[in-house]
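Asker: Got a predicted model here, sequence first, then my questions.
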Amino acid sequence: MTYGTIHSVESCGTVDGPGIRFIVFTQGCPLRCQYCHNADTWEFGCGRSVSATAIVEEAESYRSFFDATGGGITFSGGEPLAQPEFLEAALREAKQKGLHTVIDTAGSVVPKNLDRILDYTDLVLLDIKHIDDATCRLLTGRSNTNTLAFAKRLAERNIPVWIRHVLVPGLTMTETFLRQTGEFIRTLGNVERIEVLPYHQLGVYKWEALGLDYPLKDVLPPSMEEATAAQALLDSYLSC
């Protein structure tokens, strides 16, 4: 039996994939995003130990909601690809039970069993942190090389993808970077949707509870007009 470590679950999520979803937040992430609202999921070696079988059985108890809405199970984090054996086992069991499966990931981790993980994945929510490598390193502490390579791998396998992009004034919210992101997305061919996620400060209290300084405390969220304009600009690359 394969075990993993999770931070928490959400029984009736509505924003991490289609329909009503059972969301598993895995524990541990190699990125240190300056705007992260789940900083309490960063550290490895803590959280709740659970078997792949048990977590899928827990999700199955909500099958009536899934069937009514086209939902299923989503593995988020943290970074789910950082626990690849657990993720593969859980996805395999979910598919055996007929559940729709989603991975919510930044694609920064490249496990050896990645292709087997993708064999059991119906949809990937891919968070492109930043299209510019130097700025991505500043924003997350890591290069974007793995993320962009992962996006291309998903395209090669024709696995459906929803791109997510956090709109941060002064960091990601420039027309140049948005257009570069759109140009990259246009090369893929398997992107079904782009979700622009306006930056917010709702997770600041978690940084404070962990004794961490929040680096973007002086950055205000984008206006509704700015977020709408960014969404429209990126969407234009899907229709090209």
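Answerer: Thanks, I have it. Numbers count the residues shown, from 1 in each chain.
Asker: so after the longest strand anywhere in the chain, what's the next helix or strand?
Answerer: When the chain is parsed with DSSP state E, its longest strand is strand 3-13. Downstream of strand 3-13, the first helix or strand assigned by DSSP states H and E is strand 21-26.
Asker: quick one on the thing from earlier: note down every partner strand of the longest strand of the chain and its orientation.
Answerer: Sheet pairing for strand 3-13, assigned by DSSP bridges, gives strand 21-26 (antiparallel), strand 48-51 (antiparallel).
Asker: taking the mean pLDDT, what do you get for the last one?
Answerer: Along strand 48-51, the predicted confidence averages to a pLDDT of 97.
Asker: Show me how far that strand is from its chain's centre.
Answerer: Its chain's C-alpha centre and that of strand 48-51 lie 21 Å apart, by Cα atoms, centre = their mean, to the nearest Å.
Asker: Kindly report the same for the longest one.
Answerer: Centroid separation between strand 21-26 and its chain, computed with Cα atoms, centre = their mean, is 11 Å.
Asker: What of stretch 143-162?
Answerer: 13 Å.
Asker: List the buried residues in it.
Answerer: Within stretch 143-162, the residues that count as buried by 16 or more other Cβ atoms under 10 Å are 144, 146-148, 150-151, 154, 159, 161-162. Every C-beta, even on glycine, is put in place using the N, C-alpha and C of the backbone.
Asker: now these as a markdown table including pLDDT?
Answerer: Converted to a markdown table, the buried residues of stretch 143-162 look like this (pLDDT from 0 to 100):
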| residue | pLDDT |
| --- | --- |
| N144 | 98 |
| N146 | 98 |
| T147 | 98 |
| L148 | 98 |
| F150 | 98 |
| A151 | 98 |
| L154 | 98 |
| I159 | 98 |
| V161 | 98 |
| W162 | 98 |
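Asker: Going by distance to Y62, which of the residues you listed wins?
Answerer: Closest approach to Y62 among the buried residues of stretch 143-162 (Cβ to Cβ): W162, at 21.3 Å.
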